[in-house]
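In: The sequence and its predicted three-dimensional model are supplied below.
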Amino acid sequence: MTDCLALSKSAIARASGLLADGQLVAFPTETVYGLGADATNDRAVARIFAAKDRPAFNPLISHVTSASAAFDLGVETPIAALLASAFWPGPLTLVLDRRPDCPVARLTTAGLDKIAVRVPAHAAAQALMTHFGKPVAAPSANPSGRISPSTADHVMRGLAGKIDLILDGGPCESGLESTVVDASTDQALILRPGGITRNAMADALKAAGFADPIADPTAVTQPVQPVAPGQLASHYAPRAAVRLNATKAAADEELIGFGSVAGSGRLALSLSASGDLIEAAANLFAMLHRADDTGTAKIAIAPVPDHGLGEAINDRLRRAAAPRR
Ligand code: TXA
Ligand code: MG
């Protein structure tokens with residue numbers, strides 16, 4: 001059952017309680033409705049991908065109430081600080097290096113060492129995040145491949161029965177998603193055009209003394225619009241070689257199990273001993289990192305069925321196992 005509540009103090013409290021409980025809450029922002037979950041909870045974030053029926057794990061934006069909260073998660077650069085003071089709260093997402101102590105779940109950032117952060121301007125989003133007190137992971141609240149929702153009714157039509165609550169704050173102001181900018185270096189790189197224009201950013205940065213502030217996308221290796229996360233040049237791949245569909249580990253392998261195939265090796269990890277795909281998705285990136293961190297040269301992974309979230313898990317595993325460039 002998906003409830004829809006008009007904005008009120010009690011609705012915010014209820015929404016915040018559901019987030020704390022690992023549930024999914026759609027909420028309005030000034031751009032589009034977001035499908036929110038506790039960004040620090042891998043399992044809650046896995047439910048976002050299941051609800052959207054996403055065939056791959058696209059990294060998600062972590063929403064917070066202030067620039068200082070954002071820079072607790074990602075490393076503040078001079079460019080990021082300037083863009084934050086010029087455009088936050090507002091339709092701008094900054095991609096930064098994940099801080100080593102960043103509490104955000106690995107699945108939220110799809111295993112990447114970069115994190116996308118945004119401070120939305122919408123009063124309901126702010127109220128929800130303030131009450132909740134932790135970062136909120138949220139993609140647009142639409143089924144995968146459909147257009148982004150700008151009313152609670154759009155969300156209901158797309159996701160009824162798959163999410164727990166919709167906070168109805170009326171129509172979104174813009175309907176256009178945030179501009180996504182990699183601000184982790186000394187030049188801003190626009191990854192997705194959106195609510196804040198290239199010129200507005202260039203003007204703000206130049207006024208602050210940055211000489212050549214916006215990167216020429218043809219001069220960098222990342223695609224301009226990373227429509228799929230696997231197309232990101234920086235997408236995380238384990239250092240170790242990866243072998244798929246393994247039912248038994250070789251002596252030198254760290255085997256990550258699933259279902260009836262038990263994990264073995266130093267850590268003997270299992271994505272989900274009970275064969276639960278949501279649990280497996282929640283564990284995927286964290287376990288790949290942990291297995292890699294043992295220093296093993298080889299990681300083997302048990303077969304994962306290809307239905308439901310298994311499709312996204314297998315997409316990611318195939319990329320992890322693909323020959324390295
Ligand atoms: O306006 C918006 O941005 C809305 C509201 C809800 O905030 N959210 C939204 O999220 O549009 P989504 O998931 O539909 O799009 C997020 C974009 C994707 O293109 C994703 O690849 C990119 O941000 N992104 C997220 N994390 C990233 C990362 N660590 N590195 C590079 N790109 C990232
Ligand atoms: Mg979207």
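Out: Received the coordinates, thanks. Ligands and ions are numbered 1, 2, ... in the order given.

In: Show the residue spans covered by the helices in this protein.
Out: In the chain, helices defined by DSSP state H lie at 9-20, 42-52, 67-70, 78-87, 123-132, 152-159, 198-207, 277-293, 310-321, listed in chain order.

In: Can you give me the pLDDT of the residue of the chain most remote from its centre?
Out: Using CA atoms, centre = their mean, the residue of the chain lying farthest from its centre is residue 251. It sits 35.2 Å away. pLDDT for residue 251: 93.

In: Show me where the chain dips below the pLDDT cut-off.
Out: Scanning the chain for pLDDT under 70 picks out the ranges 218-236, 325.

In: So which residues on this structure come close to ligand 1?
Out: The chain comes close to ligand 1 at residues 29, 31-32, 34, 58-61, 91, 93, 95, 109, 112, 114-116, 118, 138-140, 177-178, 180, 191-192, 226, 229, 232, as judged by CB under 6 Å from any ligand atom. For the C-beta atoms, the positions are set from N, CA and C on the backbone; glycine is no exception.

In: Hmm, residue 173 is touching residue 28, no?
Out: No. The criterion here is CB atoms under 8 Å, and residue 173 misses it with residue 28 at 9.2 Å.

In: Neighbour count: these two, which is higher?
Out: residue 28 (29 against 15; other CB atoms under 10 Å).

In: burial of the residue nearest to the more buried one when sequence neighbours are not counted, as a residue count?
Out: Spatial nearest neighbour of residue 28, excluding adjacent residues (CB to CB, 6 or more residues apart in numbering): residue 169 at 3.6 Å. Neighbour count of residue 169, defined by other CB under 10 Å: 22.

In: how close does residue 169 get to residue 127?
Out: Distance, residue 169 to residue 127, using CB to CB, to the nearest Å: 9 Å.

In: Then residue 61?
Out: 18 Å.

In: Residue 30 too?
Out: Residue 30 sits 14 Å away from residue 127 when distances are taken as CB to CB.

In: Mutual contacts of residue 173 and residue 28, please.
Out: By the contact definition CB atoms under 8 Å, 6 or more residues apart in numbering, residue 173 and residue 28 are jointly contacted by residue 122.

In: I figured the residue nearest to residue 28 hits residue 124, correct?
Out: Yes. The criterion here is CB under 8 Å, and residue 169 meets it with residue 124 at 3.9 Å.

In: Quick check: neighbours shared by these two?
Out: By the contact definition CB under 8 Å, 6+ apart, residue 169 and residue 124 are jointly contacted by 7, 27-28.

In: Return the subset of these lying in strands.
Out: Among the shared contacts of residue 169 and residue 124, the residues falling in strands (DSSP state E) are residue 27.

In: Which member of the shared contacts of residue 169 and residue 124 is positioned nearest residue 305?
Out: Checking those against residue 305 by CB to CB gives residue 27 as the nearest, at 32.6 Å.

In: which residues does that closest one form a beta bridge with?
Out: Legend: beta-bridge partners of residue 27 under DSSP bridges are residue 34.

In: Tell me who's in contact with it.
Out: Contacts of residue 27 by CB under 8 Å, 6+ apart are 15, 33-34, 36, 124-125, 128, 136, 138, 166-167, 169.

In: how much space between it and residue 58?
Out: To residue 58, residue 27 is 19 Å away according to CB to CB.

In: Kindly report the same for residue 30.
Out: Applying CB to CB, the value for residue 30 to residue 58 is 21 Å.

In: Skipping its backbone neighbours, what lies nearest the residue nearest the centre of the chain in space?
Out: What sits nearest the mean C-alpha location of the chain, by CA atoms, centre = their mean, is residue 60, with 1.8 Å. Nearest residue to residue 60, sequence neighbours excluded (CB to CB, 6+ apart): residue 137, at 4.4 Å.

In: Neighbours of that neighbour, how many?
Out: Neighbour count for residue 137, taken as other CB under 10 Å: 28.
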